[in-house]
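S.K.: Give me a 3D structure for the following:
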Amino acid sequence: MALISPRTKPAASQAPAATRSKLPGLAMAAAGVAVAWGVHRLVPAVPMLTAAVVLGIAAAHIPGVRDRIRGAGRPGLTLAGKRLMRVGIVLLGLKLSVGDVLGLGWATVAMVVAVVAATFFGTLWLGRRLGLRGDQPLLIATGYSICGASAIGAVSEVSGSDEEDVATSVALVTLCGTLAIAVLPLLHHPLGLDDAQFGRWVGAGVHDVGQVVATAQTAGPEALTDAVLVKLMRVALLAPLVAAVAVSVRKRRQAAPSDKRPALVPLFVLGFLAMVGVRTTGLVPGGVLDLAQHAQELLLAAALFGLGSAVHLPTLVRTGGRVAALGLCSWVVIAGASYGGVLLTT
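M.R.: The predicted structure follows:
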C-alpha cells in the first residue's frame, strides 16, 4: 500500500480549509445583499448598491456583529470585495455598445473625456496637497471621475491599495453620490436646463450608475435615457484608466525586480472590453441582458457590502476633515465642468 507523505497530507487539506474559512463572510455578504435589496424595494429612490455600502459600514460597528465581521467573516468579506467586484465589472460591459457611444456625437464624447480628465487630475492633485494617506487621492479621483465604487475597486486591483484606503474612498464617493440624488433635481430649473440637458449633466457628474438613474428619472424618460448614455460613456473610460495606472505601478516597481508587477491590462478589464464587444454584436437576447444586469447588481452589492464592512469610522474621523474637503471640492469640479460642457455641446 502506498504511503502518503506527511508533507502532502496538509497540502491536500489546505484548499478545503481555505474555502471553509471564507464561507462565514460570504454568508454575511449574501445577507447584506438581501437586506439592501429589501431597502431598495421599500424605498426605490435608494439604489441597492448605496444601501449595501451603508449596511456594510453599519454592520462593522454594531456591538456583537462587529467582532464577527472583523474575525471569522473577514476572509470571505475580503474575497467579496475583490473577486466578486471583478466579475461584476466584467458584466458591467454588457450595458455598453460601441453604437451607444458613437450615437452620442463626437462633441458629447469630447465633453465627457474633458470632464473625466479635469476631475481625475484635479482631485488627485488636491488630495496629495491635503496630505491624504496612501492611495486615497488616486482612488477618490477614480471614483469621482469614472463610475464610483466600481472604478475604485478596479483601480485598487492594479495599484495594490490598502483595504482601508479602498473602503474609505468607497464610503466618501457613495455618500456624495447619494447626496446628489437629493440635491441635483432641486437645481434642474434654477440652472435653466431642459430635460435632455439635465440628463446629460447628471450622467456626466454623478458617480454610480444606480445613483445616475435615481437622479435623472426625476426629470422624465428623455432625461433618463441621455443620462444613462453619457454615464456609460464614462464607464467606457474605465479600461484605459486602469491600463494607465497599471503602467504607472510597473514603472514604480522597476527598482524592485522581485516585486510582482501588475499586468498592463488586467484580465477583468479584458473581460469588460469583451462584454462590450459582445453587446455591440446585437446578438445577445434581451432576456440574457436582463439576467446579466441582475447578476451584476447582486455581485457589486456583495462586493460593496464587503468593502463597507472594512470601514473603520474612528480612523475615518481622524482624517475626516481633509477627506470631506477633497470630496466637496471634487464634487464642485465635476458638477461645474459637466454643467459647462453640457451648455457648450447642446
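
S.K.: remind me which residues of the stretch 201-346 of the chain are low pLDDT?
M.R.: 252-266, 312, 315-320 (pLDDT under 70).

S.K.: The closest residue to residue 65 other than its chain neighbours and residue 172: what is the separation?
M.R.: The shortest distance from residue 65 to any residue other than its chain neighbours is 5.3 Å, reached at residue 59 (C-beta to C-beta, 6 or more residues apart in numbering). (C-beta placed from N, C-alpha, C; glycine too.) Noted for residue 59: a distance of 19 Å to residue 172, by C-beta to C-beta, to the nearest Å.

S.K.: who's more crowded, these two?
M.R.: residue 172 (24 against 21; other C-beta atoms under 10 Å).

S.K.: The more buried one: which element?
M.R.: Assessed by DSSP states H and E, residue 172 sits inside helix 163-187.

S.K.: now for that helix, which elements pack on it?
M.R.: helix 48-59, helix 136-145, helix 149-159, helix 195-205, helix 209-216, helix 286-308, helix 313-318, helix 320-345 (3 or more C-beta pairs under 8 Å, 6 or more residues apart in numbering; DSSP states H and E).

S.K.: CSV please, covering those and showing distance to residue 115.
M.R.: Shown next, in CSV, are the helices and strands packed on helix 163-187 (distance: least, C-beta to C-beta, whole Å):
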stretch, distance to residue 115
helix 48-59, 22
helix 136-145, 8
helix 149-159, 14
helix 195-205, 5
helix 209-216, 14
helix 286-308, 23
helix 313-318, 28
helix 320-345, 5
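
S.K.: Near the residue lying closest to residue 151 once chain neighbours are set aside, how many other residues are there?
M.R.: The spatially closest residue to residue 151, leaving aside those adjacent along the chain, is residue 142, at 4.8 Å (C-beta to C-beta, 6+ apart). Using other C-beta under 10 Å, residue 142 has 31 other residues around it.

S.K.: So residue 142 sits against residue 149, correct?
M.R.: No: look at residue 142 against residue 149 with C-beta atoms under 8 Å: they stay out of range, at 10.0 Å.

S.K.: For residue 46, which residues are in contact?
M.R.: Neighbouring residues of residue 46 by C-beta atoms under 8 Å, 6 or more residues apart in numbering: 39, 40, 178, 214.

S.K.: Look up phi and psi at it.
M.R.: phi -100, psi 110 (degrees, to the nearest 10).

S.K.: how close does it get to residue 57?
M.R.: Distance from residue 46 to residue 57, by C-beta to C-beta: 15 Å.

S.K.: do residue 116 as well
M.R.: 27 Å.

S.K.: same deal with residue 100?
M.R.: Counting by C-beta to C-beta - residue 100 and residue 57 are separated by 34 Å.

S.K.: The two - which one has more neighbours?
M.R.: residue 57 (23 against 17).

S.K.: isn't the more buried one right next to residue 306, touching?
M.R.: No: using C-beta under 8 Å, residue 57 is not in contact with residue 306, being 11.3 Å away.

S.K.: neighbours around residue 144, how many?
M.R.: 31.

S.K.: Provide the secondary structure category for residue 72.
M.R.: coil (DSSP: H, G, I helix; E, B strand; the rest coil).

S.K.: can you pull the contacts of it?
M.R.: Applying C-beta under 8 Å, 6+ apart, the residues near residue 72 are 21, 24, 25.

S.K.: Nearest to residue 267 among these?
M.R.: Residue 267 has its nearest neighbour among the contacts of residue 72 in residue 25, at 23.3 Å by C-beta to C-beta.

S.K.: Not counting its neighbours along the chain, what's nearest that closest one?
M.R.: Per C-beta to C-beta, 6+ apart, closest to residue 25 is residue 76, 2.1 Å.

S.K.: How much space separates that neighbour from residue 306?
M.R.: Taking C-beta to C-beta, one finds residue 76 at 8 Å from residue 306.

S.K.: and what of residue 222?
M.R.: Residue 222 is 37 Å from residue 306, by C-beta to C-beta.

S.K.: picking that back up, could you list the residues in contact with the strand or helix carrying the residue nearest to residue 25?
M.R.: Applying DSSP H and E as the criterion places residue 76 in helix 74-79. Defining contact as C-beta under 8 Å, 6+ apart, one finds that helix 74-79 is touched by 21-29, 69, 163, 305-306, 309-310.

S.K.: Only the buried members of those: can you turn that into a ChimeraX selection?
M.R.: Burial among these is assessed by 16 or more other C-beta atoms under 10 Å; the matching ChimeraX selection reads:
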select :22,24,25,26,28,29,69,163,305,306,309,310
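
S.K.: Quick check: of the contacts of helix 74-79, which lies closest to residue 134?
M.R.: Nearest member of those to residue 134, counting by C-beta to C-beta, is residue 163, at 10.5 Å.

S.K.: which residues do residue 142 and residue 149 both contact?
M.R.: By C-beta under 8 Å, 6+ apart, no residue touches both residue 142 and residue 149.

S.K.: Look up the pLDDT of the residue nearest to residue 139 when sequence neighbours are not counted for me, please.
M.R.: Once flanking residues are discounted, residue 139 sits nearest to residue 169: 3.8 Å by C-beta to C-beta, 6+ apart. With respect to pLDDT, residue 169 scores 86.

S.K.: Same question for residue 119.
M.R.: 93.

S.K.: Using CSV, write out every CA atom in whatever helix or strand it lives in.
M.R.: Using DSSP H and E, residue 119 maps to helix 106-129. Extracted C-alpha coordinates of helix 106-129, given in CSV (Å, rounded to 0.1, in the frame of the first residue of the first chain):
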residue,chain,number,x,y,z
TRP,A,106,-18.3,63.5,-31.1
ALA,A,107,-19.0,66.8,-29.2
THR,A,108,-20.5,64.9,-26.3
VAL,A,109,-17.8,62.3,-26.3
ALA,A,110,-15.1,65.1,-26.2
MET,A,111,-17.1,66.8,-23.4
VAL,A,112,-17.2,63.6,-21.3
VAL,A,113,-13.4,62.9,-21.8
ALA,A,114,-12.6,66.5,-20.8
VAL,A,115,-14.8,66.3,-17.7
VAL,A,116,-13.3,63.0,-16.6
ALA,A,117,-9.7,64.3,-17.1
ALA,A,118,-10.3,67.5,-15.3
THR,A,119,-12.0,65.7,-12.3
PHE,A,120,-9.4,63.0,-12.1
PHE,A,121,-6.2,65.1,-12.3
GLY,A,122,-7.7,67.9,-10.2
THR,A,123,-8.9,65.6,-7.4
LEU,A,124,-5.6,63.7,-7.5
TRP,A,125,-3.5,66.9,-7.2
LEU,A,126,-5.7,68.3,-4.4
GLY,A,127,-5.7,65.0,-2.5
ARG,A,128,-1.9,64.9,-2.4
ARG,A,129,-1.7,68.6,-1.4
